[in-house]
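Novice: Have a look at this prediction, sequence included:
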Amino acid sequence: MEVFIQQCINALTLGGLYALIALGYTMVYGVIQLINFAHGEFFAAGGYIGVLLLGVMTAMGLMESAPWMCLGVSLLLTMLYCAFLAMGVERIAYKPLRKQTRLAALISALGMSIFLSNGMMLARGPLDQPYPLEYSSGGFEFGLITINNLQIVIWVLTAVLLVALNLLVFRSRIGMAMRAVAQDKVMSALVAINTNRIIALTFAIGAGLAAAAGIMVGLYYGSVRYDMGFVPGIKAFAAAVLGGIGNITGAMIGGLIIGAVEVFGAAYISGEYKDVFAFIILIAVLYFKPTGIMGENIDDTRV
Amino acid sequence: MIRELRKIWKSCFIGLLWFLALLWPMTGINSDGTLTFARPLEIWLIVVVAAVVIMLIYSANKSGMLAPFTRPVQTAAGGLAGQAARLPIWVWLLVALGLAMFYPVIFTSRPAHDVAINVLIYISLGLGLNIVIGLAGMLDLGYIAFYGVGAYTYALLNVYLGFSFWTALPFAALFAAIAGCIIGYPTLRMRGDYLAIVTLAFGEIVRLILNNWMELTNGPNGVLGIDRPTMLVPTFDDGFGFEVISLRKLYMLYYVALALAVFTMLCVYRLNYSRIGRAWEAIREDETAAELMGVNTFLLKLLAYAMGAVFAGLAGAFFAGRMKFVSPESFTFLESAMVLCMVVLGGMASIPGIILGAAALVLMQEWFREFETYRMLVFGGCMVLMMLFRPAGLIPARRMGRRSEDDE
Amino acid sequence: MKKMKRSVGVVAVLAVALMSGAATAETLKIGMMGPLTGPYAADGNDIANGVRVAIEVINEAGGIEGFDTIELITQDTACDPKQAVAAANNLINDEVVGVVGAYCSSSTIPASETLAEEDILMLTPASTNEMVTDRGLPYMFRVCGRDDDQAPAAVRFMKEALGAKTVFIVDDKTTYSQGLADGVAASSKEMGLEVLAHEHVNQGDKDFSAILTKAKAAAPDVLYMSLQNHSSGSLMAIQANRMGLDAAILSQDAMFHPNFINVAKEAAEGVYVTFGYTDESTEAYKQFADKFSAQYGDIGAYAIYAYDAATVLLNGIKQAGSTDPAKIKEAIMAMDFQGASKQIKFNEKGDSGSSYIAFKIENGEYRPYWHPETGYYQ
């Protein structure tokens, strides 16, 4: 029983991390229907900038006195950095292709992903960059069960971002503009929405979320590496699609499901096939409900 | 004109500042928290100089200052193109085939043969994927799985049951086609990006099974000691007879690869202009309309997957025979992405385009070997630039509309 | 960075013109292949640098008769079988006499098949999988140890030094890591150590919480961590530490890397690794270490083996007095000398014996801890 509860905690943490990355994926997809392969690289860049900023603060001697404040500050700065990065990438690699086929933009995204991850390798070297482990050292223990401080931070952060995003999209003017652009770019331009700016903003928000996820992953697992974005990127994409791509709550649910399938698959069936289980669940769900768990009926919106 | 140029210069300037803002934190902060300014500035200045040079050339060209140099070149190129267009197409085909036939004679080094074989394998793969993506219009991110199925089919049949390359070939095609149907069936209801992730997931599943099914595939160790393709050669030693020789030399394998690629080209060409090909294109342009016109979309989409898989399976079997070794590492998502790039870069649904795309990507990787660590960086950058300047591919297909799904 | 930029390191020699009056200007070409890019780039560059040092040492000792210069041609495999074969073909084209490499067993095996077609010698400094030399290729040699020697050494260490009764094995499904884990499982059975479970994860996984929770519930004496590279290893060590796993952690040569300790920090303390024993007091080691660290800094795990592999190859050519592979093989088989890493003598398979000992990580350093023959170190 205790083992089962521990596995549930593991699943919730992994799922939360996937959900964090998937939120950004789904935001971007929801607005311009582009599979942004470079999203995983924004996530990795967030991990790097986060650890570098923490390093600067350690050198300045701030870490001793207020470690959590340092984390907060570097989180914000990192999100800002990744937002700028994403806006730059969008301007160069995606915006000129908006009138082209979706495949052209997809290849461009793939190229950008390869470019960015190798750029990071050249900048920071091929070895893992260590993260400070102090944040994840404290925790609670109940018998065999351990809950880490950082796990709680991850859960809280995911929940807060989920609520904030939902408020942003459904309760603010910007969110209304985003939904309008998602539905029809020409019409929204006619009602005086600056579509280019809204799309850039969406990229910025999505990358900001990826940056937050990058720092969390770095802190939780203790290191970052230039190619760390690729596999979680694919998993998060799967999570976003599973939940119904373009749907924020769906991305959260999808992330949790993928995380749970992986952890329980590894724990109770077989560790080497856990990714296979996750992908089979994805395919099964999409077979019976081709637009994902929370997705609306495709034929009404598309054709 | 001047205003336009000023605008471009301005955005270039902003872009460079933006780049500096992104570059500095990545390269300027040391791991121990200290700051450096020399290295990021050095990189940035190189980029600035490059950007300014490119912009100067661009501006000069726009304002007509380069006309004395470019005009003669343009007229000459136009003249050549006109001359070329007058020759009938079969002359060109003959020249291309002749060049391909004598390639190993002209280039005798091993790396040249190696690269040529790679190009031919990728041509087969690209043309196979073209059926799914270019003709039927279904995005497939797990195409390399069929290549893996073909490779392992030959490897296992050869190692366990002693099949020769040529007897195993139909089986490789058959198993790949079955795998294509298995993957195709559940995806038939999906469209667009849902299809993308499901095919990607299938590709990963196949790779993971190859990596984990120890009893059958020997897992990560791969299958060793696969026989090379053999050939019956007439001998006149004691009377007339046939002798089985193993194709050990690379140039012999080159001809097998060439035969495979030419076979694939012929098939895809014929398919393209057959009833099936036109039905596929109808599905690509508008699935609902095609169905209303009486096209059996279910069967044809499944057939597209199966046909695409067959060519990948054949290429895979050849790959296994050439390497004498297969391991799951050769069938990762990145390989799928690479084949997809060849198709899109070359021009979807365009056979010469895909041939050019395959050759360009393989050669690009080889040339960039010199850059070593910069290789993949340049490669990724080139992919983006290619899409920006030729989004329809190097040689766009003539019959290509816009998919209804693309118009939101 | 500057050093890495040049793929072809041309080592110029002061011509020993006095000795070889009749000889024309000849260049001896030897090849090196390994992962110069990608996640294993650090090890690949160590190997290349080790070979460079060996060439330098040979040149200082008078070079090789009949050749004016020794040229090293390096090729990147990126640990990908297809690229490894391409690299082998490039080296064949450059007409190298012998090749030092590759790093990953899954690259070495297909590359050696290609090199064997042209009878080119290959000496691997790092591929420990049994199949590298068990295929019966005539010109394949191995300077490092074999997995099927490392596994029994690891089990003996667990039983004798740690007094363990139960072990929990995890591997990440690569040729190297799984082969070793299977070996440990098999010899555990032989030596009466109970294997509680043998779990697999996939290479590139980051989250091992599910497996480690199982391990914690099983409460083994030792967690045997068989992973392809130190990056996964540090992830697992951190998570095991955080989960409060009581078992001792034992791992293998891939964890013998400074960055394992850099990343895992406190979590790395007390981790044991098995690795080839190098007597740092021998003349050969000192000669190598002085030269290497003066030029390339820290001595990576495989630089020593690469140095020895290149030394064997070059001395083989020197003693054979020709580039005929059969004669060089004869010379190599007759060798029995103290290399920088260990005493080197090849058996008929092409193996040179293993000398695994256990290291313990203490205060951020690898400290020799236990030797199968002589017991604990002080």
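Specialist: Right, received. Where do you want to start?
Novice: show me where the chain has helices.
Specialist: All of this refers to chain A. When assigned using DSSP state H, the helices of chain A occupy the ranges A:2-32, A:39-60, A:62-65, A:67-89, A:102-124, A:149-171, A:173-183, A:185-190, A:195-221, A:230-243, A:248-264, A:274-288, A:298-302.
Novice: not what I meant, chain C
Specialist: C:2-5, C:41-60, C:81-93, C:105-117, C:131-134, C:147-156, C:175-191, C:209-218, C:230-243, C:258-264, C:283-296, C:303-320, C:325-333.
Novice: if I pick residue B:379, what's in contact with it?
Specialist: A:111, A:114, B:364, B:365, B:368 (CB atoms under 8 Å, 6 or more residues apart in numbering or on different chains). Placement of C-beta: from N, CA and C, glycine included.
Novice: closest to residue C:235 among these?
Specialist: Taking CB to CB as the measure, residue A:114 is the one of those closest to residue C:235, at 24.0 Å.
Novice: How many residues are close by the residue nearest to that closest one when sequence neighbours are not counted?
Specialist: Of all residues not flanking residue A:114 in the chain, residue B:380 sits nearest, at 3.2 Å (CB to CB, 6 or more residues apart in numbering or on different chains). Neighbour count of residue B:380, defined by other CB atoms under 10 Å in any protein chain shown: 21.
Novice: And the one 3 residues further on, by the same measure?
Specialist: Other residues within reach of residue B:383 by the criterion other CB under 10 Å amount to 26.
Novice: separation between it and chain C?
Specialist: When distance is defined by CB to the nearest CB, to the nearest Å, residue B:383 is 18 Å away from chain C.
Novice: Please see if stretch A:34-46 touches chain B.
Specialist: Yes: counting by CB under 8 Å from any CB of the partner chain, contacts between stretch A:34-46 and chain B involve A:35, A:45.
Novice: no no, stretch C:220-231
Specialist: No: using CB under 8 Å from any CB, stretch C:220-231 never reaches chain B; the gap is at least 9.2 Å.
Novice: in which helix or strand would I find residue B:202?
Specialist: Per DSSP states H and E, residue B:202 falls inside helix B:192-212.
Novice: and the angle for that helix with helix A:102-124?
Specialist: 50 degrees (axes from the mean of the first three to the mean of the last three CA atoms, to 10 degrees).
Novice: what's the helix or strand that comes right after helix B:192-212 packed up against?
Specialist: Proceeding N to C from helix B:192-212, the next assigned helix or strand is helix B:214-217, under DSSP H and E. In terms of contacts (3 or more CB pairs under 8 Å, 6 or more residues apart in numbering or on different chains; DSSP states H and E), helix B:214-217 is packed against helix B:144-161, helix B:192-212.
Novice: Centre of the chain to the shortest one, how far?
Specialist: Which is helix B:144-161. For helix B:144-161, the separation from the chain centroid amounts to 21 Å (computed by CA atoms, centre = their mean, to the nearest Å).
Novice: Can you dump the C-alpha atoms of the following helix or strand past it in CSV for me?
Specialist: Next along the chain after helix B:144-161, taking DSSP H and E as the criterion, comes helix B:165-187. Provided in CSV are the C-alpha atoms of helix B:165-187 (Å, rounded to 0.1, in the frame of the first residue of the first chain):
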residue,chain,number,x,y,z
PHE,B,165,18.8,-11.4,-49.8
TRP,B,166,16.6,-11.9,-52.9
THR,B,167,14.3,-14.5,-51.3
ALA,B,168,13.9,-12.3,-48.2
LEU,B,169,13.1,-9.2,-50.2
PRO,B,170,9.4,-10.0,-50.9
PHE,B,171,9.0,-10.9,-47.2
ALA,B,172,10.5,-7.6,-46.2
ALA,B,173,8.1,-5.8,-48.4
LEU,B,174,5.2,-8.0,-47.2
PHE,B,175,5.9,-7.5,-43.5
ALA,B,176,6.4,-3.7,-44.0
ALA,B,177,3.1,-3.6,-45.8
ILE,B,178,1.4,-5.4,-43.0
ALA,B,179,3.0,-3.0,-40.5
GLY,B,180,1.8,-0.2,-42.7
CYS,B,181,-1.8,-1.5,-42.5
ILE,B,182,-1.6,-1.9,-38.7
ILE,B,183,-0.4,1.7,-38.4
GLY,B,184,-2.8,2.9,-41.0
TYR,B,185,-5.9,1.4,-39.7
PRO,B,186,-6.5,3.3,-36.4
THR,B,187,-5.3,6.5,-37.9
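Novice: and helix B:165-187, anywhere near chain A?
Specialist: Yes: applying CB under 8 Å from any CB, one finds helix B:165-187 touching chain A at residue B:186.
Novice: Name the residues of that helix that are buried.
Specialist: Using 16 or more other CB atoms under 10 Å in any protein chain shown as the test for burial, helix B:165-187 gives B:165, B:168-169, B:171-177, B:179-180, B:183-184, B:186-187.
Novice: Tell me the gap between it and the middle of its chain.
Specialist: When distances are taken as CA atoms, centre = their mean, helix B:165-187 is centred 20 Å away from the chain's centroid.
Novice: by how many degrees do it and helix B:192-212 diverge?
Specialist: Using the same axes, to 10 degrees, helix B:165-187 lies at 130 degrees relative to helix B:192-212.
Novice: quick one: low-confidence parts of the stretch 201-350 of chain B?
Specialist: Applying pLDDT under 70 to the stretch 201-350 of chain B flags residues B:237-239.
Novice: show me where it has strands.
Specialist: Under the criterion DSSP state E, counting those that start in this stretch, strands of the stretch 201-350 of chain B are mapped to B:223-224, B:230-235, B:241-246, B:325-326.
Novice: do stretch C:98-118 and chain B meet?
Specialist: Yes: using CB under 8 Å from any CB, stretch C:98-118 reaches chain B at C:106, C:109, C:110, C:113, C:117.
Novice: Any of these buried? List them.
Specialist: C:106, C:109, C:110, C:113.
Novice: Turn those residues into TSV, including distance to residue B:230.
Specialist: Output for those, formatted as TSV (distance: CB to CB, whole Å):
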residue	distance to residue B:230
C:106	26
C:109	23
C:110	20
C:113	17
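Novice: Please identify which of the residues you listed is nearest to chain A.
Specialist: residue C:106 (17.0 Å; CB to the nearest CB).
Novice: Check the gap between that closest one and residue C:173 for me.
Specialist: 12 Å (CB to CB, to the nearest Å).
Novice: which neighbours do the two share?
Specialist: Common neighbours of residue C:106 and residue C:173 (CB under 8 Å, 6+ apart) are residue B:220.
Novice: Please report the distance of residue A:164 from residue A:23.
Specialist: 10 Å.
Novice: So which of those two has more stuff around it?
Specialist: residue A:23 (27 against 11).
Novice: check contacts around the closest residue to chain B within the stretch 201-350 of chain C.
Specialist: Nearest residue of the stretch 201-350 of chain C to chain B: residue C:202, at 7.0 Å (CB to the nearest CB). Applying CB under 8 Å, 6+ apart, we find residue C:202 in contact with A:271, A:272, A:274, A:275, B:208, B:211, C:172, C:173.
Novice: With that, I have no additional questions.
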